[in-house]
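Undergrad: Here's a sequence, model it:
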Amino acid sequence: MKLLEDELKIKAQEPWDNSGLQIGSMEKDINNIMLTLDADLEAVNYAADNNIELIITHHPFFFSPIKSIDLASYEGKIIQKLIKNNINLYSLHTSFDMADVGVNKKLSELLSIKDYDVLHVSGSDLSGYGGVGNIAPVNIIEYADQVKNKLGADHVKLYCNSSERVIERVAFCGGSGSDFIDNAIEKEADVYITGDIKYHQAQSALRNNLCIIDAGHYYTEYLSMENIKKALLKEEQLKVKMLTKNTVKEQII
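TA: Alright, predicted model coming up:
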């Protein structure tokens with residue numbers, strides 16, 4: 001954990017968040033690590049079958065308080081499997097969102113935005129969520145296709161008033177970034193790339209001349225886990241695997 005803090009410049013989590021150790025012991029020695037966005041049953045079964053000693057997720061397994069552990073429930077099966085197989089579970093959520101080498105940094109690299117300002121400042125050190133920066137002028141349809149390909153998404157949703165729109169100022173935020181639409185408008189972005197945008201939120205953006213590319217929660221966050229992998233591999237004895245096939249992803253029928 002100290003290695004990640006040093007390499008990624010992890011920030012303090014939000015007061016409402018629950019990053020950190022979810023299940024296990026900070027005293028355990030580990031060699032085999034698995035990275036995944038979510039600790040679902042598929043991921044935990046894989047970990048148990050492949051001698052994984054530590055799972056690091058982005059989204060916390062325990063987010064709201066629990067009052068009981070029913071071993072017949074979905075969550076109960078996960079808890080039982082983790083404890084029975086002596087697997088530690090650790091989460092880096094908002095602390096990784098705002099990290100210097102976290103979600104924001106990876107998205108900026110994938111979107112070829114070399115210099116950016118924080119979209120929504122939250123920390124006392126001016127860290128926060130998302131970013132906004134400039135790119136070479138490009139048609140919005142062409143750019144939406146570029147975003148889809150760079151993020152490895154099956155598809156994206158584009159909200160824009162004109163297919164002829166040329167954009168050059170881009171705002172972005174991994175995950176659910178609808179709370180920061182007003183920040184993107186204030187910072188005069190032409191387009192905002194994020195996930196989980198609702199219909200009326202998109203309409204509000206369009207009324208303020210802001211196009212939106214909804215690339216999905218998964219695809220705007222998952223590749224940032226590569227930063228965690230790169231940091232961990234600085235310790236040669238650690239073996240790290242990123243699990244790609246898990247969590248809920250939209251399917252095109």
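Undergrad: May I have the phi/psi pair for the nearest residue to residue 160 once chain neighbours are set aside?
TA: Residue nearest to residue 160 in three dimensions, not counting chain neighbours: residue 211, with 3.9 Å by C-beta to C-beta, 6 or more residues apart in numbering. To be clear about C-beta, it is placed using only N, CA and C from the backbone, and glycine gets the same treatment. Per-residue torsions, residue 211: phi -80, psi 150 (degrees, to the nearest 10).
Undergrad: Next, count neighbours for residue 211.
TA: For residue 211, the tally of surrounding residues (other C-beta atoms under 10 Å) stands at 24.
Undergrad: number of nearby residues for residue 81?
TA: 16.
Undergrad: oh, I was asking about residue 129
TA: Neighbour tally, residue 129, other C-beta under 10 Å: 25.
Undergrad: same deal with residue 2?
TA: 7.
Undergrad: separation between it and residue 106?
TA: For residue 2, the distance to residue 106 equals 21 Å [C-beta to C-beta, to the nearest Å].
Undergrad: Also residue 76?
TA: Residue 76 sits 34 Å away from residue 106, taking C-beta to C-beta as the criterion.
Undergrad: quick one, which of those two is more surrounded?
TA: More crowded of residue 76 and residue 106, by other C-beta under 10 Å: residue 106, with 21 against 14.
Undergrad: Confirm that residue 120 sits in a helix.
TA: No - Residue 120 sits outside any helix when classified using DSSP: H, G, I helix; E, B strand; the rest coil, being strand.
Undergrad: how about the strands in the chain?
TA: 20-23, 32-36, 54-57, 88-91, 116-121, 128-139, 157-159, 166-176, 191-195, 211-214, 239-242 (DSSP state E).
Undergrad: residues near residue 145, how many?
TA: Neighbour tally, residue 145, other C-beta under 10 Å: 13.
Undergrad: Equivalent analysis for the one 3 residues further on, please.
TA: Neighbour count of residue 148, defined by other C-beta under 10 Å: 18.
Undergrad: Next: residue 18.
TA: Neighbours around residue 18, by other C-beta under 10 Å: 17.
Undergrad: Residue 171 now?
TA: Neighbours of residue 171 under the rule other C-beta under 10 Å: 30.
Undergrad: cool, residue 215 as well?
TA: 28.
Undergrad: In this protein, where is pLDDT below threshold?
TA: Where the chain drops to pLDDT under 70, the residues are 245-253.
Undergrad: Which residues lie in contact with residue 5 in this structure?
TA: Contacts of residue 5 were listed using C-beta atoms under 8 Å, 6 or more residues apart in numbering, and none were found.
Undergrad: Give me the buried positions along stretch 173-190.
TA: 173-175, 177-178, 180-181, 183-185, 187, 189-190 (16 or more other C-beta atoms under 10 Å).
Undergrad: Closest one of those residues to residue 139?
TA: Of all those, residue 139 sits closest to residue 190, with 11.3 Å by C-beta to C-beta.
Undergrad: Thanks again, I'm all set now.
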